[in-house]
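# Here you go, sequence then predicted model.
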Amino acid sequence: GENVEQHPSTLSVQEGDSAVIKCTYSDSASNYFPWYKQELGKGPQLIIDIRSNVGEKKDQRIAVTLNKTAKHFSLHITETQPEDSAVYFCAASIVDTGRRALTFGSGTRLQVQP
Amino acid sequence: DTEVTQTPKHLVMGMTNKKSLKCEQHMGHRAMYWYKQKAKKPPELMFVYSYEKLSINESVPSRFSPECPNSSLLNLHLHALQPEDSALYLCASSQGDVQPQHFGDGTRLSIL
């Protein structure tokens, strides 16, 4: 089955700096890669996702890049703000085949220092 | 506010009790999921319902019993749980096989 590794486990940055979180996956058939943000006491919230036919996707301060050859994808947050502090999970899945399971990475706790 | 609503938000129960967790979505999604999340860990898939039929059961103990009365409701019936079952139980939904999955805020379950 799929295995997703996520690094780093904790990340502390100063407000205004950029933050990068990296994930690698094992199943070359995976074709859908979402990123979730989970705040304390809340469920995971989708912040951005990318499909394997796209190399990069941006949404304001957030971007995701995908390298299918190397089987890794990254989350980039620019101009970080204290409200970006949360746990971030990457995930991988195969869609369009009847398999709907998301395999999550282990999570990254991001702390943005004001 | 999330579009997936879970009740109750907190539940404390003894090991001999029977209780149910409830999940509701009004986005017209046809796939619904139960996940279990332990502290400082990622969510782990328990069950998937697609078009009201159970399609994946990730070898979850029989003390957890899912039910999907209709396409917008999902229940998780609990019976004779163990202390190690204490966790955050998350419900999610998606438009069939098309991702993404949208999560509720979960039910925090404590087993005494």
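Everything's here; your move. Residues are numbered from 1 along each chain as shown, chains lettered A, B, ... in the order given.
# Buried residues of stretch B:34-53, list them for me.
B:34-37, B:42-50, B:52 (16 or more other C-beta atoms under 10 Å in any protein chain shown). C-betas here are computed from N, CA, C, even on glycine.
# Out of those, list just those in helices.
Assignment to helices by DSSP state H places none of the buried residues of stretch B:34-53 there.
# Would you mind trimming the residues you listed to those in range of chain A?
Among the buried residues of stretch B:34-53, the ones lying near chain A by C-beta under 8 Å from any C-beta of the partner chain are B:42, B:43, B:45, B:48, B:50.
# Number of residues surrounding residue 71?
I'll assume chain A. Residue neighbour count, defined by other C-beta atoms under 10 Å in any protein chain shown, stands at 16 for residue A:71.
# ah, I was thinking of chain B
Residue B:71, neighbours per other C-beta under 10 Å, totals 17.
# likewise residue A:16?
Residue A:16, neighbours per other C-beta under 10 Å, totals 11.
# Now do the SS call for it.
coil (DSSP: H, G, I helix; E, B strand; the rest coil).
# Thought residue A:78 was touching it, still the case?
No - taking contacts as C-beta atoms under 8 Å, residue A:16 lies outside contact range of residue A:78: 9.1 Å.
# Need the pLDDT of the closest residue to residue B:85 other than its chain neighbours.
Once flanking residues are discounted, residue B:85 sits nearest to residue B:111: 5.3 Å by C-beta to C-beta, 6 or more residues apart in numbering or on different chains. Looking at residue B:111, its pLDDT stands at 93.
# Identify the bridge partners of the nearest residue to residue A:56 once chain neighbours are set aside.
Spatial nearest neighbour of residue A:56, chain neighbours left out: residue A:65 (4.9 Å); criterion: C-beta to C-beta, 6+ apart. In this structure, residue A:65 bridges to residue A:56, residue A:74 when assessed by DSSP bridges.
# show me what contacts residue A:65?
A:55, A:56, A:73, A:74, A:76 (C-beta atoms under 8 Å, 6 or more residues apart in numbering or on different chains).
# Kindly reformat the ones next to chain A among the buried residues of stretch B:34-53 as a markdown table containing pLDDT.
Below are these laid out as a markdown table (pLDDT from 0 to 100):
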| residue | pLDDT |
| --- | --- |
| B:42 | 96 |
| B:43 | 95 |
| B:45 | 91 |
| B:48 | 90 |
| B:50 | 86 |
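# need the contact list for the residue nearest to residue B:85.
B:13, B:14, B:15, B:81, B:82, B:83, B:84, B:85, B:86.
# mind listing which of these are in strands?
Under the assignment DSSP state E, the contacts of residue B:111 contribute residue B:13 to strands.
# Nearest to residue B:28 among the ones next to chain A among the buried residues of stretch B:34-53?
residue B:50 (13.9 Å; C-beta to C-beta).
# Low-confidence stretches in the chain?
Defaulting to chain A. Scanning chain A for pLDDT under 70 picks out A:96-100.
# my bad, the chain I had in mind was chain B
B:1-2, B:97-98.
# Write out the residues of it neighbouring chain A.
Contact residues, chain B versus chain A (C-beta under 8 Å from any C-beta): B:2, B:4, B:6, B:31, B:33, B:40-43, B:45, B:48, B:50, B:55-56, B:58, B:90, B:92, B:94, B:97-106.
# is any part of stretch A:1-15 close to chain B?
No - Stretch A:1-15 lies out of reach of chain B by C-beta under 8 Å from any C-beta, never closer than 8.6 Å.
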